[in-house]
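1. predicted model, plus sequence, below.
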Amino acid sequence: MLDIKNLKVTVDGKAILNGLNLNVGPGEVHAIMGPNGSGKSTLANVIAGRDGYEVTNGSVTFMGNDLLSMAPEDRAREGVFLAFQYPVEIPGVANIALLKEGLNAARRHRGETELDALDFLKLVREKLKLVEMKEEFLYRSVNEGFSGGEKKRNEIFQMAMLEPSLAVLDETDSGLDIDALKTVAGGVNALRSEDRSIILVTHYQRLLDYIVPDRVHVLAGGRILRSGDKQLALDLEERGYGWIDTVAA
Amino acid sequence: MNTAIKELGELVGREYKEGFVTDIEAETLPPGLDESVIRFLSGKKSEPDFVLQWRLEAFHRWQAMECPEWAHVHYDPIDFQAISYYSAPKRDEDRPRSLDEVDPKLLETYNKLGIPLEEQKALAGVAVDAVFDSVSVATTFKDKLAEVGVIFCPLSEAMVNHPELVQEYLGSVVPPSDNFYAALNSAVFTEGSFVYVPKGVRCPMELSTYFRINALNTGQFERTLIIADEGSYVSYLEGCTAPMRDENQLHAAVVELVAMKDAEIKYSTVQNWYPGDEEGRGGIYNFVTKRGACRGDNAKISWTQVETGSAITWKYPSVLLEGNHSTGEFYSVALTNNCQQADTGTKMVHIGEHTSSTIISKGISAGRGQNAYRGLVKVLKGAKEARNYSQCDSLLMGDRCGAHTFPYLEVKNPTATIEHEATTSKIGEDQMFYCRQRGLSEEDAVSMIVNGFCKEVFRELPMEFAVEAQKLLGISLEGAVG
């Protein structure tokens, strides 16, 4: 699904990723953990194609295509989804309007017909249940005045609507209380499937109690220092990130 | 970040799509302005003598006035003797009675603009009084309006057929001495609309006029007068586009609205005149005086405008709140791109008791565009319990444009409640990225964000107009986003 080789990225001339390798197969859930400033969010943004990140070396291949040569919207239409750490507010634009545009853009891209209003609404109602959101959410402006939990649930709702092949969840657990965390995790678990890969970028092990990953990677200094199964996350929780540094050295 | 701004620049830099010129022979006065020109204009329309005298008096006042320079706009001085003050499609004597008789080239022009009259008649139920240069060429739905007693005709016709109404109200809201351009307009106005809605009548359809400037070097000086008698209601739509030209074209219109007791006037404008090229060459100078008077108690006047065109826009649709409990509203979207300059806003003058006003202004600047909001809220001594709410939001696209806000407040009565809110935001790279990550193209993302920003204004527009306005905004920003 996703194959990252020797990825080197700089931001404003400063090296952030220093030769990162990562391979995520179809249906797998990978957790990327690491201390602040280790390059976790940079990785998420580079996959999605955000401006301001310069790839100086390496490759990112997504379903056989060179992801780095594609515009952000083309990546999205090909099935790459990023759940934002800080979902942005867009005043005056209804949630449902953005979703409809996005969904239909992807359908056109795949050579499918656009959904008509009725089918769209049917789909929307079905997916709302996943994240326990009320229908009124659809008509509010995108993320405007949403609580932290509502914003994150909205991200998962959008993911459910767009049905990506690869979803990158950037610190989706940050700022969530335990109930919201459970709801969000429930939504993500419901979206796990054999043909969908998920990358969880997180600082804490807590999220992984609810979304159990197939693989856990520890990122530090712009490289993956260690990979393992979910036990690695538990060890980390117990010993702290300092432990990794000593092990790696 | 720089690439984003550059890309925005490419998006906004699209060419003006309405740039074409219809080749119709025009009968045009040589450039220059003196009394003989005014006599010619007045004679051309067979105006009553009181109108000619009124024009001449305005002309003499204008001669003594100086061109105002206080607005936040910059341009070379205008040579008023280099402008021709009359141009009309030929065959003036033989005006068409129906669309079938209209010059096919003219219809073609409208079709290119996407405003086919036939379709509008059939679909929208809109009565159209189309102004092509200086003479009306098509008026529709007159019969239906006449049934309920609504008069909707060119102002020149009203001067002949309803001189008593014209004499009573012409210049009663915007007197000729009001300002330099109002005085000029009073002297040389050539066309415009006249509307009278009798007592208790709700006008059965939206009234609409499309203005268009077509002949080279010809200033247009429309004058529109709308009177809503007691307990009546009327909604008036004004929209304009112009063909591409190299010379700057002066446009100095005057619009006067009079709302009597319990009457309501809703005046909506979508303005898309040629803004000049990317370097600011050409383009229309749009210096307009628009003012309404709420003459009676509970009267209401609402201005809604979407300004995307013109090289320079200078206008302040205003309301004089004379009647007690009368209401004034101003909803505005002004967009400046490339080298466009706009200084626009409103004046709300609270005179009666318990009067209220609302101002919602949305300024969008892209390219090197300069956008200024200038608003005055004035509460006179007798205006007990007056209320005003003002909200001025600016949206910047790229880093070479500017937004300026000049709110003026004059409150002479301590019981007034005044609220003012202002925000300035930039179309964020993060908003753009968010939309694109959801699959939207760059252009669609910009269009969606900008339309969201303008939503509070667009929802005040009649449906068909709102759609047109959104399209216009999209076209105006194509090639400009960052």
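-> Okay, I see it.
2. alpha carbons only for contacts and neighbour counts from here, please
-> Will do.
3. now do stretch B:168-178, average pLDDT.
-> Stretch B:168-178 shows a mean pLDDT of 94 in the predicted model.
4. starting at the chain centroid, how far to it?
-> Here stretch B:168-178 is found 18 Å from its chain centre; the criterion is Cα atoms, centre = their mean, to the nearest Å.
5. next, count neighbours for the residue in chain B that chain A sits nearest to.
-> Using Cα to the nearest Cα, the closest approach of chain B to chain A is made by B:G452 at 3.8 Å. For B:G452, the neighbour count with other Cα atoms under 10 Å in any protein chain shown is 19.
6. what sits against it?
-> Residues in contact with B:G452 (Cα atoms under 8 Å, 6 or more residues apart in numbering or on different chains) are A:I90, A:P91, A:G92, A:V93.
7. which helix or strand contains the second one?
-> Think A:P91. Here A:P91 sits within strand A:90-94, counting by DSSP states H and E.
8. and the helix or strand following that strand, what does it pack onto?
-> Beyond strand A:90-94 in the direction of the C-terminus, DSSP H and E gives the next helix or strand as helix A:95-109. Applying 3 or more Cα pairs under 8 Å, 6 or more residues apart in numbering or on different chains; DSSP states H and E, one finds that helix A:95-109 contacts helix A:72-78, helix A:136-139, strand A:141-142, helix A:148-162.
9. chain center to helix A:95-109, what's the gap?
-> Taking mean C-alpha positions (Cα atoms, centre = their mean), helix A:95-109 and its chain are 18 Å apart.
10. in the next helix-or-strand element following that helix, what's buried?
-> Going down the chain from helix A:95-109, the next helix or strand is helix A:117-130, by DSSP H and E. Neighbour counts using 16 or more other Cα atoms under 10 Å in any protein chain shown place A:F120, A:V124, A:K127, A:L128, A:L130 of helix A:117-130 among the buried residues.
11. does helix A:117-130 reach chain B?
-> No. Counting by Cα under 8 Å from any Cα of the partner chain, chain B is not contacted by helix A:117-130; separation bottoms out at 15.5 Å.
12. what packs against that helix?
-> For helix A:117-130, the packing partners by 3+ Cα pairs under 8 Å, 6+ apart are helix A:148-162, helix A:178-190.
13. which of those sits closest to chain B?
-> Per Cα to the nearest Cα, nearest to chain B of those: helix A:148-162, 8.2 Å.
14. okay, and the beta partners of the residue sitting nearest the centre point of chain A?
-> Nearest to the geometric centre of chain A sits A:V168, at 1.9 Å (Cα atoms, centre = their mean). When assigned by DSSP bridges, A:V168 has beta-bridge partners A:L82, A:I199.
15. which pLDDT value goes with the residue in chain A that chain B sits nearest to?
-> With Cα to the nearest Cα as the measure, A:G92 is the residue of chain A nearest to chain B, at 3.8 Å. Looking at A:G92, its pLDDT reads 91.
16. let me know which of the helices and strands packed on helix A:117-130 is tucked in deepest.
-> Mean neighbour count (mean count of other Cα atoms under 10 Å in any protein chain shown) peaks for helix A:148-162 among the helices and strands packed on helix A:117-130, with a mean of 23.
17. ok and that one relative to helix A:178-190, angle-wise?
-> 10 degrees (axes from the mean of the first three to the mean of the last three Cα atoms, to 10 degrees).
18. helices and strands around helix A:148-162, which ones?
-> If contacts are counted by 3+ Cα pairs under 8 Å, 6+ apart, helix A:148-162 sits against strand A:80-83, helix A:95-109, helix A:117-130, helix A:178-190.
19. tilt between the longest one and helix A:148-162?
-> What separates the directions of helix A:95-109 and helix A:148-162 is an angle of 30 degrees, with the same axes, to 10 degrees.
20. where does the closest residue to A:L191 other than its chain neighbours land on pLDDT?
-> Nearest residue to A:L191, sequence neighbours excluded (Cα to Cα, 6 or more residues apart in numbering or on different chains): A:A160, at 6.9 Å. On the pLDDT scale, A:A160 is placed at 94.
21. surely A:A160 meets A:S193?
-> No. With contact defined as Cα atoms under 8 Å, A:A160 does not reach A:S193; the gap is 11.9 Å.
22. which ones are touching residue 221?
-> I'll assume chain A. A:I16, A:L17, A:N18, A:S38, A:G39.
23. actually chain B
-> B:N185, B:V188, B:F189, B:T190, B:E191, B:H251, B:A252, B:A253, B:V254.
24. pretty sure A:M63 sits against A:M1.
-> Yes. The criterion here is Cα under 8 Å, and A:M63 meets it with A:M1 at 4.9 Å.
25. any weak-confidence spans in chain A?
-> A:245-249 (pLDDT under 70).
26. try it again with 80
-> When residues are selected by pLDDT under 80, those of chain A lie in A:241-249.
27. so which bits of it are right by chain B?
-> A:48, A:50-52, A:72-77, A:81-82, A:87-93, A:98-99, A:101-103, A:105-106.
28. let's see 7 Å
-> Counting by Cα under 7 Å from any Cα of the partner chain, chain A comes close to chain B at A:48, A:50-52, A:72-74, A:76-77, A:81, A:88, A:90-93, A:101-102, A:105-106.
29. give me the buried entries from these.
-> Buried, going by 16+ other Cα under 10 Å: A:48, A:50-51, A:72-74, A:76-77, A:81, A:88, A:90-93, A:101-102, A:105-106, out of the residues of chain A next to chain B.
30. circling back: leaving out sequence neighbours, find the closest residue to the residue of chain B closest to chain A.
-> Nearest one to B:G452, counting by Cα to Cα, 6+ apart, is A:G92 at 3.8 Å.
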